[in-house]
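Trainee: Structure for this input, please:
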Amino acid sequence: MSRRLGKLSAGVATTGIVMGAVAVLTAGTAAAATTYATGTVAYMCNFPGIGQQQLDVKAQFDGPASIASGATATPTNISGSATINATINALLNAANYDGVRGKANMPITITNATPASATVSNLNVPTQINPYVPGPRTFNIVQDAGTGVPTFTAGAPGSATASLGTTINAPLDFHKKDGSWTTWNFNCTVKNTNPAQNRAFSPAIPIT
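Mentor: The predicted structure is shown next:
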């Protein structure tokens, strides 16, 4: 179940993972590209050796400044990041993990468009193996040639808003300091907060 993965970089997630969702909506009378991005969204995930812990995710995509009603669109330039805090980083280090690689599947929802929900599949988490550095650690997630990106059809004139879904699945390989890899099915669910977290990409996409 080994998968290609992306690169483990250190740092706090002002781009946290992860994660990307819909991208450039092209077709019809789509206008010049605009970047749409989420804020930080906290998920609870099953880390190997340490159980349920928080992962802070951010995602973005490039989309049209506006799109015509009824036009179809396919996302592009999807990217994101996922950040673990200093405590989780230390716990993984204590469990002898120092790297990761694999893929990420990120469900998204969108208002006033069809389908109303879909999954961006096989986002790349490039191989990232780094010596332990105390503090938060950020994992980058990127779209590549193997990423499955859904096509959307714009609804009635007005606007559409895309949002990260409530779950993330990532078939990952965690690297151990002895050079071995541990296959891990990494599952996350959005953290339950009051008020609920804002998972939307901003701004909304105008539909003409």
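Trainee: what's the burial count for Thr40?
Mentor: Burial measure for Thr40: 17 neighbouring residues, criterion other Cβ atoms under 10 Å. Bear in mind the C-beta positions are built from the backbone N, C-alpha and C, glycine included.
Trainee: So the residue nearest to Ala37 when sequence neighbours are not counted versus Asn85, what's the distance?
Mentor: Computed as Cβ to Cβ, 6 or more residues apart in numbering, the closest residue to Ala37 that is not its neighbour in sequence is Gln60, at 3.9 Å. Distance of Gln60 to Asn85, given as Cβ to Cβ, to the nearest Å: 22 Å.
Trainee: cool, and Ala118?
Mentor: For Ala118, the distance to Asn85 - Cβ to Cβ - is 30 Å.
Trainee: one step back: what's the average pLDDT for the helix or strand harbouring the residue nearest to Ala37?
Mentor: Assigned by DSSP states H and E, Gln60 belongs to strand 51-64. Confidence over strand 51-64 (mean pLDDT, whole number) is 94.
Trainee: Next, the buried residues of it.
Mentor: 53-64 (16 or more other Cβ atoms under 10 Å).
Trainee: ok, those vs Val190, which is closest?
Mentor: The shortest gap between Val190 and any of these belongs to Val57, at 9.1 Å (Cβ to Cβ).
Trainee: is it true that the closest one touches Ile84?
Mentor: No - the pair Val57 / Ile84 is not scored as a contact, 10.8 Å apart, by Cβ atoms under 8 Å.
Trainee: surely Asn130 meets Asp98?
Mentor: Yes - between Asn130 and Asp98 there is a contact under Cβ under 8 Å: 6.4 Å.
Trainee: who has more neighbours, the two?
Mentor: Neighbour comparison, Asn130 and Asp98: the larger count goes to Asp98, with 18 against 14 (by other Cβ under 10 Å).
Trainee: Name the helix or strand for the more buried one, please.
Mentor: strand 97-110.
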